[in-house]
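*Asks:* Structure for the following, please:
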Amino acid sequence: MRAITTALLLFTLGSSNSAPAQQDQPTPILRVNSNIVLTNVVVRDKKTGAPIRGLKASDFSITENGKPQQIVSFDFQTVDEAARLNEATVSGTTPTIAQMLDRSIGADTAQLRDHRLIVLFFDIASMQPDDIDRAVDAANDYILKKMAPADLVAVASLGTTLSLDHDFSADKQALLATVGKFNGSTASQGLATGSTATTTENTSDDSNAFQADDTEYNDLNTDRELYAIQTIAKSLERVDQRKSMLYFSGGLSRNGVENQASIRSATNAAARANMAIYTVDSRGLQALPPLGDASQASVRGNSPFSGASMQGRLDANAGSQELLATLASDTGGKFFGDSNDFAPAFQQIQHDTEAYYILGFRSSDLARDGRFRKLQIRLNRTDAKLEYRPGYYAPADFQHQKTEDREAALNEQLRSDSPAVDVPLYLEAFFFREQPNLYTVPMSLIVPGSAIPFTRTKDQDKATLDIAGQIKNAQGIVVGNARETVKLAVDGNSGAARRNIQYGTSFQLAPGHYHVKFVVRENETGNMGSFETNILVPDQRKSPIKLSSVVLSSQRTPAAPTDQNHHHGPQGPITANPLVQNNEQFLPNVPHVFRQNAHLYLLYELYDPAKLSKEAQQQLATEAAAQQSGLKARPSTGGVHVLTSVEFLQNGAKVLETPLVSTDTLNEPQRGAVGFTFDVPLTGLAPGDYICQVNVIDDAGGSFTFPRLALRILAPAPATTPAPASATAATGS
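*Replies:* Got it, this is the predicted structure:
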């Protein structure tokens, strides 16, 4: 299903009655930036490798990018002092992803002190059944034979979705049962690895003459796995102890810089959570024969005999391990590959976490630029060897984020179940029929101008908004997207903060239930707001009377040429914007609030009205004759009789009604529609709340409908209220 979008952005009058003097009064704001950086340090004797205990904070010194830092927190943890864990205090259950995102893994952080915290993460999406069996066997062997009393283990997996299968626990039987669920029958459930072949050279000699390049699936795979690591790391941020993740994977591949933002996010989240990642290539020691193996057909071309095929296999294998090694080195862990024995990975985790120091400092560099900061830790003795992570990424404010990071943050908020509330956002959706089973659904979003920090440039106030929207059907499948960056510019003397910013777009949808979510971000501070709702596009094919949405508007603007273009849908040409009538665009009034000295404009359409019996019989005879002669009958444009009017009710009594309007023709014959527009001056209505009732009677068919909408009328605005700025239009798809 293809979606069309026609975007319109403009300023409309706000309804705030605040005095200008009150708006100009500055509000004192106190901001405190107190981020503490924690890092683990393992101190060992150079000769024996035994942990050195009993050190003090004064024995250490830390530099960040060569600048000395003051240690403000110091702690020593050792598994020798681990208390027997009361299982009732730690959730031995299966938390949901929502609980993970709420950072609720581990019930009591005090009970976790002096314990090893190990997350076994099985990347089912990247592993073959044999790889899964090897990883499960290694995990079972560790739990049964090598798991120490101080070890607390959690189990997570990634298939079609991320799942935390078991929270931290020392219960071996429960952990064995959880790990046992991953066996040889657990097939790879993620996206398949993409092929990079663009010719038949070095491809399998099967019936396919051409193999398409589908490497974009590799990018999606890698992003999914890195975002899963990031989610687990964020859920453990509130636990101060060192955490270790043992990540079983069938290899991760990245394509140039396509995955750079997700890699940075994953490693930074792990560093902030004080979590080291120990990566394991579950494929083990691989044999890479030059001519391939029995899992695929013989290779085409000369590459098997020139060495190119072998080199390509070696490069692909090394590339799939490079990212695993990067994750380990950047977080203070270690990579284990090219071996069928995974036991050293568990031993390394136990060895690295048997005794360690936690040092904390507040960086003297307050710049929130997102740059990597190198750490160097020294000890005031020469007989020791230090092990610690090489550095961390500084927090980044919005102005210092890279383009890919900004886009990732916007998409993450679009996918998030948690709403963004920093920018108020309101939305209203309408529907207009194009074909019996296809509707154009215009949507109008409102953002208060007071929520946007405009910047003054000469005599103009400027701002930039990022807008992203998504529509899912009842099955959760995305059927429409909207994405646009809009630049605002308004006369600095017209009071942009007292206006509303209105954005319009439209989609083509079939009848059904849908879920709509929009996210708006202003690009000065990076604040975001979101709005989501369920909408119903009705199936009117069996309805006795078929009426579109009733649009209430307080402003009409000259339509841009792009708003009057026609696009081709699945069943022929369709109008790009049904809100355009007679070269004017109706701007929906989303809050239904109007000024007494303004006009109320209404727009609605009636589809397939019944024809009078005489005209209907003539049309049937014409169609029959045309069918007999092999010609196509011209559609009838007359023979209907529709009556309509608009009335206003207050406290159950009618206070105003427009004259009755009747029509006998279809003014939209291609769509079988009768369109109506009304212009109602509101000077005759006193300020207050009203019910606007639209009366529509299909006289020929004997059917009728009376939709109602609530509205509020306010007193005229002061004379100092600025006039609306001219509209600017943009079109996207």
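*Asks:* make it CA atoms for all contacts and neighbour counts henceforth
*Replies:* OK.
*Asks:* pLDDT value on residue 403, please?
*Replies:* Residue 403 carries a pLDDT score of 80 in this model.
*Asks:* can you check the one 4 residues further on too?
*Replies:* What the model reports as pLDDT for residue 407 is 86.
*Asks:* could you pull out the helices for this protein?
*Replies:* Taking DSSP state H as the test, the helices found in the chain are 20-24, 97-101, 129-141, 172-179, 216-235, 260-272, 303-306, 308-331, 343-352, 403-415, 613-629.
*Asks:* counting contacts, what elements does the fifth one pack onto?
*Replies:* Yep, that's helix 216-235 we're talking about. On a contact count with 3 or more Cα pairs under 8 Å, 6 or more residues apart in numbering; DSSP states H and E, helix 216-235 meets helix 97-101, helix 260-272.
*Asks:* Stretch 42-56 spans what distance, first to last residue?
*Replies:* For stretch 42-56, the first-to-last residue distance is 13 Å (Cα to Cα, to the nearest Å).
*Asks:* picking up where we left off before, out of the helices of the chain, which is closest to residue 150?
*Replies:* helix 343-352 (9.8 Å; Cα to Cα).
*Asks:* if we can go back for a sec, can I get the helices of the chain in TSV including mean neighbour count and distance to residue 653?
*Replies:* Listed next are these as TSV, based on neighbours: other Cα atoms under 10 Å; distance: least, Cα to Cα, whole Å:
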stretch	mean neighbour count	distance to residue 653
helix 20-24	9	38
helix 97-101	16	50
helix 129-141	20	73
helix 172-179	16	67
helix 216-235	21	57
helix 260-272	22	61
helix 303-306	15	87
helix 308-331	18	71
helix 343-352	17	78
helix 403-415	16	45
helix 613-629	14	37
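*Asks:* which residues pair with residue 375 across the strands?
*Replies:* Beta-bridge partners of residue 375, counted by DSSP bridges, are residue 64.
*Asks:* which residues does it contact?
*Replies:* Contact partners of residue 375, counting by Cα atoms under 8 Å, 6 or more residues apart in numbering, are 62-65, 389-392.
*Asks:* cool, residue 272 as well?
*Replies:* Residue 272 touches 37-38, 237, 392, counting by Cα under 8 Å, 6+ apart.
*Asks:* And for residue 468?
*Replies:* The neighbours of residue 468, taking Cα under 8 Å, 6+ apart as the test, are 410-411, 414, 481-484, 518-520.
*Asks:* From residue 335, how far out is the nearest residue to residue 431 once chain neighbours are set aside?
*Replies:* Spatial nearest neighbour of residue 431, chain neighbours left out: residue 441 (4.4 Å); criterion: Cα to Cα, 6 or more residues apart in numbering. Distance, residue 441 to residue 335, using Cα to Cα: 52 Å.
*Asks:* what's the answer for residue 648, then?
*Replies:* 73 Å.
*Asks:* Surely residue 74 touches residue 358?
*Replies:* Yes. In this structure, residue 74 is within contact of residue 358 by Cα atoms under 8 Å, at 5.7 Å.
*Asks:* Of these two, which one has the most company?
*Replies:* residue 358 (19 against 14; other Cα atoms under 10 Å).
*Asks:* Show the model's pLDDT score for that one.
*Replies:* 88.
*Asks:* hmm, back to that, would you list the buried entries among the contacts of residue 375?
*Replies:* Among the contacts of residue 375, those that count as buried by neighbour count (16 or more other Cα atoms under 10 Å) are 62-64, 389-392.
*Asks:* of those, closest to residue 460?
*Replies:* residue 392 (40.6 Å).
*Asks:* Buried residues of stretch 517-536, list them for me.
*Replies:* 517-523, 526-532, 535.
*Asks:* Among the helices and strands packed on helix 216-235, which comes closest to residue 588?
*Replies:* Closest to residue 588 of the helices and strands packed on helix 216-235, according to Cα to Cα: helix 97-101, at 36.4 Å.
*Asks:* average pLDDT across that closest one?
*Replies:* pLDDT averaged over helix 97-101 gives 43.
*Asks:* Quick check: bridge partners of residue 689?
*Replies:* Taking DSSP bridges, one obtains residue 712 as the residues bridged to residue 689.
*Asks:* Next: residue 391.
*Replies:* residue 374.
*Asks:* wait, what's in contact with it?
*Replies:* Contacts of residue 391 (Cα under 8 Å, 6+ apart): 330, 372-375.
*Asks:* Mind pulling the model confidence for it?
*Replies:* On the pLDDT scale, residue 391 gets 85.
*Asks:* Now do it against residue 275, distance only.
*Replies:* 13 Å.
*Asks:* export the helices and strands packed on helix 216-235 to a markdown table and tack on distance to residue 55?
*Replies:* A markdown table is the format used below for the helices and strands packed on helix 216-235 (distance: least, Cα to Cα, whole Å):
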| stretch | distance to residue 55 |
| --- | --- |
| helix 97-101 | 35 |
| helix 260-272 | 24 |
